[in-house]
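task: produce atomic coordinates for the following.
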Amino acid sequence: MKIIALPAVAALLLPAAAWAQSGESEGEEEKPEAPIIVIADPDKAERRVSVGSRLPRAAPFAGTNIATNVGTPGLVPGSGMSPHATVRTMQKRDCVSDDEKLSKLVICALAKGDALLAEGDLEGAVQFYRHVAYTEANSAHERHVASEKLYAAGEAADDAGLREEALLALVDGGELAPIEAQKARRSLVALALSQGDDTKAIRRLEDVLAHDPEDARSLATLALAHHRNGTGDSKAIMRSAIAAQEAKGRQAPASWRRFAEEG
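Residues are numbered from 1 along each chain as shown. Modelled structure (predicted):
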């Protein structure tokens, strides 16, 4: 029986917060090595494949009084990120997919991960997803699909660490559309802030701004982060945030102006 290809994940939807910090760009963040997985003959083993996504549309994130909500709203079907509204299980005798970009071995590995996840074995499922996501011999598209599966598993298990790992892999993979990649970067900032890791948040904020220097909310959050850590010219950064906001025809919050004047 033919199965629908493992789809792209729904909006990288970590609710985002008012972010924090300034920081240095010191290369890529560390990611795990691919676990060694041995897959039996893909033409002989019966598989069950879970098709779909359980990702939420949008989740509120408590922000600060400056950048109150920098979350990434859920994408709609057809956006290319998570077009599936339901989850269903299908039986098949060999590893087949409508996605011609996926090799049979990759499909079988992801199918096995799906089966383990459906049985409640998160750790086992993650091993298969990681195997595909971090194996350099796999194509960028195959690694991307596996990273989406990794994110979905983290979301289903409410595992922030797993979501963070998957978002890093998705951004690093280069398969996301520019807008979605930027949403993922903002979600990574929010995750770092929720962990209280200012150093990580600063680095990620600067990555966001490197791709969009006129992101007013990110600038405002960076100003707060500098102020909180006693680094950088926080007032100057806040003035840049105000200018960026006004350049878009929007009024800057009064709290931004007070900060720029008083610090």
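
please make it C-alpha for all contacts and neighbour counts, starting now.
Will do.

residue ranges with poor pLDDT in the stretch 151-263 of the chain?
Counting by pLDDT under 70, the stretch 151-263 of the chain shows no low-confidence range.

which stretches in it count as helices?
160-173, 178-194, 198-211, 216-229, 234-247, 254-262 (DSSP state H, counting those that start in this stretch).

including mean neighbour count and distance to C108, could those helices go into a markdown table?
A markdown table is the format used below for the helices of the stretch 151-263 of the chain (neighbours: other CA atoms under 10 Å; distance: least, CA to CA, whole Å):
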| stretch | mean neighbour count | distance to C108 |
| --- | --- | --- |
| helix 160-173 | 21 | 20 |
| helix 178-194 | 23 | 28 |
| helix 198-211 | 21 | 35 |
| helix 216-229 | 24 | 41 |
| helix 234-247 | 20 | 49 |
| helix 254-262 | 15 | 53 |
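
wait, which of the ones you listed is closest to D99?
helix 160-173 (18.3 Å; CA to CA).

what is the closest one packed up against?
helix 140-156, helix 178-194 (3 or more CA pairs under 8 Å, 6 or more residues apart in numbering; DSSP states H and E).

next, the angle helix 140-156 makes with that helix.
160 degrees (axes from the mean of the first three to the mean of the last three CA atoms, to 10 degrees).

that older thread, any chance of the helices of the stretch 151-263 of the chain in CSV, plus distance to A152?
Output for these, formatted as CSV (distance: least, CA to CA, whole Å):
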stretch, distance to A152
helix 160-173, 8
helix 178-194, 14
helix 198-211, 22
helix 216-229, 26
helix 234-247, 34
helix 254-262, 36
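
closest to K112 out of the ones you listed?
That would be helix 160-173 among those, by CA to CA, at 18.4 Å.

output the closest one as PDB - backbone C-alpha positions only.
Provided in PDB are the C-alpha atoms of helix 160-173 (Å, rounded to 0.1, in the frame of the first residue of the first chain):
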ATOM      1  CA  ALA A 160      11.500  21.700  25.000                       C
ATOM      2  CA  GLY A 161      15.000  20.300  24.600                       C
ATOM      3  CA  LEU A 162      13.900  18.100  21.700                       C
ATOM      4  CA  ARG A 163      12.100  21.000  20.100                       C
ATOM      5  CA  GLU A 164      15.200  23.100  20.400                       C
ATOM      6  CA  GLU A 165      17.400  20.500  18.900                       C
ATOM      7  CA  ALA A 166      15.000  20.100  16.000                       C
ATOM      8  CA  LEU A 167      14.700  23.800  15.300                       C
ATOM      9  CA  LEU A 168      18.500  24.100  15.200                       C
ATOM     10  CA  ALA A 169      18.600  21.200  12.700                       C
ATOM     11  CA  LEU A 170      15.900  22.800  10.600                       C
ATOM     12  CA  VAL A 171      17.600  26.200  10.500                       C
ATOM     13  CA  ASP A 172      21.000  24.700   9.900                       C
ATOM     14  CA  GLY A 173      19.700  22.400   7.100                       C
END
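
got the contact list for that helix?
Here helix 160-173 makes contact (CA atoms under 8 Å, 6 or more residues apart in numbering) with 12, 29, 31, 133, 140, 143-144, 147-148, 150-155, 176, 181, 184-185, 188, 191.

compute the inter-axis angle for it and helix 178-194.
Going by the same axes, to 10 degrees, helix 160-173 makes 150 degrees with helix 178-194.
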